[in-house]
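Student: Sequence and computational prediction follow.
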Amino acid sequence: MPNKPQNKLELFFAKPTSLLILAVFALLILGLRYITLNLESPLLLTIGRFHPIILHFPLVLIMILLVVELLSLFKLITFEKSVVFYLLLLAILFTLISIFSGYFLFASGEYAGFLMDQHFNGAVITGCLGVLTLAFFLYYWTNERLYTVYFFALVSTNIAALYTGHQGGNLTHGQNYLTEYLPMLKKEILTDSKSDSSIYLYEDIIQPVLEAKCAGCHSTLRAKGDFSVSSFKDLLKKSESGKVPLKHYLPQESELFLRIMMPDSLSDHMPPAGKTSLDEKEIVLLKYWIEKGGNLKQSVLDSTSSDSTNTQITLLLNQLEPALKKYRFNVAKTALNDQKLEEELETLAIDMEVVIKRDDKAEGNMYTLSSTFPPAPFGSEKLAQLKPYLGVFTKVSLVSSQLDDADLYVIGQMKNLEELYLQKTKLKGSGLIHLSQLKSLKILNVSFTNVDDKALFDLIEFPALKQLYTYSTKTTKDVIIALQKYKPALKIHAEEGPYF
């Protein structure tokens with residue numbers, strides 16, 4: 001097999017002039033780090049949007065090259081150098097395309113911050129190392145003794161590419177994207193290693209079921225009806241009805257069990273319509289647990305039960321184990337994600353000088369956003385920082401902020417927003433139509449703004465709006481009366497309205 005450059009392309013790259021071309025490409029890549037352009041070209045921005053699609057191809061090629069060299073090193077397979085050359089050339093070409101398309105996104109201002117800088121630096125290093133790898137390969141192609149230098153450069157390029165990819169993942173999906181679920185691994189191993197004799201009915205079976213099926217409405221943070229399943233102690237506290245959810249040894253007097261056993265047609269049935277109910281096996285185990293005492297540290301195998309009962313319970317557990325494992329995993333995953341979100345929002349609130357608090361009355365892991373007092377400056381740039389978190393807010397109060405009608409496009413993406421307070425902002429009303437897609441928005445306060453009659457007619461499109469505050473705006477009484485007649489469910493208040 002030929003071991004030297006043969007065709008015109010291969011011979012061209014084997015010449016010293018090609019190394020000069022590679023050096024120019026390396027300098028261009030380095031130059032990107034020190035030259036920042038303000039791109040206003042739709043074409044370049046569109047090319048930039050292809051960056052996430054293109055980048056995977058060079059990453060895979062660079063990794064394939066390393067695998068090829070490792071296989072050749074251990075003499076498991078042999079590749080012609082021309083094959084390696086074309087793979088490497090293709091990898092470098094697409095790496096350059098990926099870097100330049102990514103640069104267009106960076107220069108557009110859509111991405112910024114520490115993670116963006118790390119990702120960009122990694123891309124520049126990867127590109128330069130890739131060019132060096134190709135150069136060293138060309139030297140090695142004509143001189144076998146330079147293989148070590150080429151191989152070391154290839155390994156370094158792979159390491160840089162993995163680092164850059166990791167930072168890109170963090171940038172897109174949040175920090176520690178690859179490692180965020182590792183803390184769950186230890187807990188899972190400990191649970192799986194338990195023997196039947198060390199499994200507790202409540203801790204290992206009942207609690208995961210209740211967390212999976214009931215905690216959405218009944219947890220420490222949002223205890224509907226003053227009832228929570230978050231801990232064993234919560235099951236022993238009186239609920240809003242005055243009844244205790246759990247009565248030891250008495251399932252037929254335990255509100256927890258009675259609500260689950262009610263017909264689906266009754267409003268008191270738990271979980272409510274639309275939620276996933278406990279299946280027959282889970283109900284049998286819940287009843288068995290309460291009948292045997294409903295205690296915290298209660299083993300699965302009970303010495304007071306007959307052998308046939310213990311056999312039946314063991315069989316049920318074996319059948320239910322796949323579902324229980326899934327429940328435990330989902331509960332742990334949700335808790336970890338909730339903790340991560342809370343930490344990120346705490347940091348963001350300090351940075352943006354706003355108040356972000358958990359909304360204890362809302363279902364799910366939801367938050368409220370409000371200005372400080374006195375209000376710190378808040379405009380479009382700060383609003384843009386909220387883009388990764390728009391779906392977690394139910395109430396937003398940005399009184400006396402610098403927000404205008406154009407900013408309502410972003411607020412219109414807060415799909416779970418129920419209350420919006422924008423008193424004393426720069427609104428004129430032309431952007432209110434962007435809020436019409438908010439299916440849960442019930443309260444809107446635009447007092448002390450320049451919202452006029454024309455903007456009021458856009459409110460007809462709001463599906464859930466119940467209360468509107470228009471004090472000291474450019475609206476007129478006649479239009480307000482006409483709007484209320486057309487939309488009687490909407491109450492329009494000629495007063496300043498509440499803050500929070």
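Tutor: Yes, it's here. Residues are numbered from 1 along each chain as shown.
Student: For stretch 326-344, the averaged confidence score.
Tutor: The average pLDDT for stretch 326-344 rounds to 81.
Student: meant to ask about stretch 477-486
Tutor: 89.
Student: mind listing what's buried in it?
Tutor: Across stretch 477-486, burial judged by 16 or more other C-beta atoms under 10 Å covers 479-480, 483. Where you see a C-beta, it was placed from the backbone N, CA and C, and this is true even at glycine.
Student: Give me the contacts around that stretch.
Tutor: The contact list for stretch 477-486 (C-beta atoms under 8 Å, 6 or more residues apart in numbering) reads 453, 456-457, 459-460, 470, 490-492, 494.
Student: What of stretch 434-442?
Tutor: Identification of contacts with stretch 434-442 by C-beta under 8 Å, 6+ apart yields 394, 408-409, 411-412, 414-420, 444, 458, 461-467.
Student: Buried ones only from those, please, as a PyMOL command.
Tutor: Here is the PyMOL command that selects only those of these that count as buried (16+ other C-beta under 10 Å):
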select buried, resi 394+408+411+412+414+416+417+418+419+420+444+458+462+465
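Student: From the contacts of stretch 434-442, which land in helices?
Tutor: 408-409, 411 (DSSP state H).
Student: Which of those residues sits closest to residue 214?
Tutor: Using C-beta to C-beta, residue 411 comes nearest to residue 214 of these, at 33.1 Å.
Student: per-residue pLDDT, the closest one?
Tutor: Looking at residue 411, its pLDDT stands at 96.
Student: Share the number of residues neighbouring the closest residue to residue 328 other than its chain neighbours, please.
Tutor: Excluding its sequence neighbours, the residue lying closest to residue 328 (C-beta to C-beta, 6 or more residues apart in numbering) is residue 208, at 5.0 Å. As a burial measure, residue 208 scores 23 neighbours (other C-beta atoms under 10 Å).
Student: Please list all residues in contact with residue 208.
Tutor: Residues near residue 208 by C-beta under 8 Å, 6+ apart: 324, 327-328, 331.
Student: Using JSON lines, please lay out the residues you listed together with distance to residue 343.
Tutor: Shown next, in JSON lines, are those (distance: C-beta to C-beta, whole Å):
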{"residue": "324", "distance to residue 343": "29"}
{"residue": "327", "distance to residue 343": "25"}
{"residue": "328", "distance to residue 343": "23"}
{"residue": "331", "distance to residue 343": "19"}
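Student: Among the ones in helices among the contacts of stretch 434-442, which one sits closest to residue 85?
Tutor: If you rank the ones in helices among the contacts of stretch 434-442 by distance to residue 85 using C-beta to C-beta, residue 409 comes first, at 50.2 Å.
Student: Surely that closest one is in contact with residue 433?
Tutor: No. If you go by C-beta atoms under 8 Å, residue 409 and residue 433 don't touch, sitting 9.7 Å apart.
Student: Show me whatever sits in contact with both of the two.
Tutor: In contact with both residue 409 and residue 433: no residue, using C-beta under 8 Å, 6+ apart.
Student: In the stretch 151-300 of the chain, where is pLDDT below threshold?
Tutor: Across the stretch 151-300 of the chain, the ranges flagged by pLDDT under 70 are 171-198, 220-223.
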